[in-house]
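[1] could you look at this predicted model? Sequence included:
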Amino acid sequence: MTSESASLKARCCNRRTPSLGLLLVLPLTLAACSAGAPPTFDLSPASGSFHVHAARGQLAVAEPVTDSPLASQRILVRRPDDSIAYLSGAQWADRLPALVQTRLIETFENAHLLREVGRPGMAANFTLSSEIRRFELNAANFQTAVVIAAQLVDNTGRIRYARIFKASVPTQHDDGPSVSAALDQALGQVMRQIVRWAAPLI
């Protein structure tokens, strides 16, 4: 986080790290104390060796579905009482489902295991449909969690394969850079799992 952003947050919210009472905003609302857009954070595609053989087919990656609290640019926080809130002073670079779709496509491309991968509308052997079930910071233990349920759907619309993938990465701080970095790492683990599972089936 830049010193300017840190200073702005301190002036607006009088926040000390970690301070969960000040970290969390009301459910389904954005922090109102910040003047202008909050700092924006991105997610990364996974890369490197995936150590798996593939059938060299073609895959379309659909935009994941999710519940409305995750279908935005806001970074979700789960309170100790299991209610939800949003991280103050931080947001994703795009709506989370669109961002995850793009990074999944890039991860499959980085793996070099398929003949072609893209968005729905292309000629494909299977479509990867998915649901983002968790993408959040757990305020009770400072663990981030990513859970994605994935399905491989054939050209007739039949679900041929399905599996749930999950990863958890700790964070020592409750600020935007720390939480987004931990979620990025957890997503990278999940995307690698998805590629290793799906590529041999396509």
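    Nice, I can see it. Numbers count the residues shown, from 1 in each chain.
[2] show me what the longest helix belonging to the chain is packed against.
    Longest helix in the chain, counting residues (DSSP state H): helix 176-198. Applying 3 or more CB pairs under 8 Å, 6 or more residues apart in numbering; DSSP states H and E, we find helix 176-198 packed against strand 40-41, strand 74-78, strand 84-92, helix 96-111, strand 126-138, strand 143-153, strand 159-170. The C-beta positions use only the backbone N, C-alpha and C, and glycine is treated the same way.
[3] residue contacts, residue 150?
    128-130, 162-165, 194, 197-198 (CB atoms under 8 Å, 6 or more residues apart in numbering).
[4] between those residues, which is nearest residue 73?
    Distance to residue 73 across these (CB to CB) is lowest for residue 130, with 18.9 Å.
[5] how close does the residue nearest to residue 142 when sequence neighbours are not counted sit to residue 179?
    Leaving aside its sequence neighbours, residue 142 sits nearest to residue 171 (CB to CB, 6 or more residues apart in numbering; 5.5 Å). According to CB to CB, to the nearest Å, residue 171 stands 6 Å off from residue 179.
[6] identify the contacts common to those two.
    137, 144.
[7] count of neighbours near residue 189?
    Residues near residue 189, counting by other CB atoms under 10 Å, number 16.
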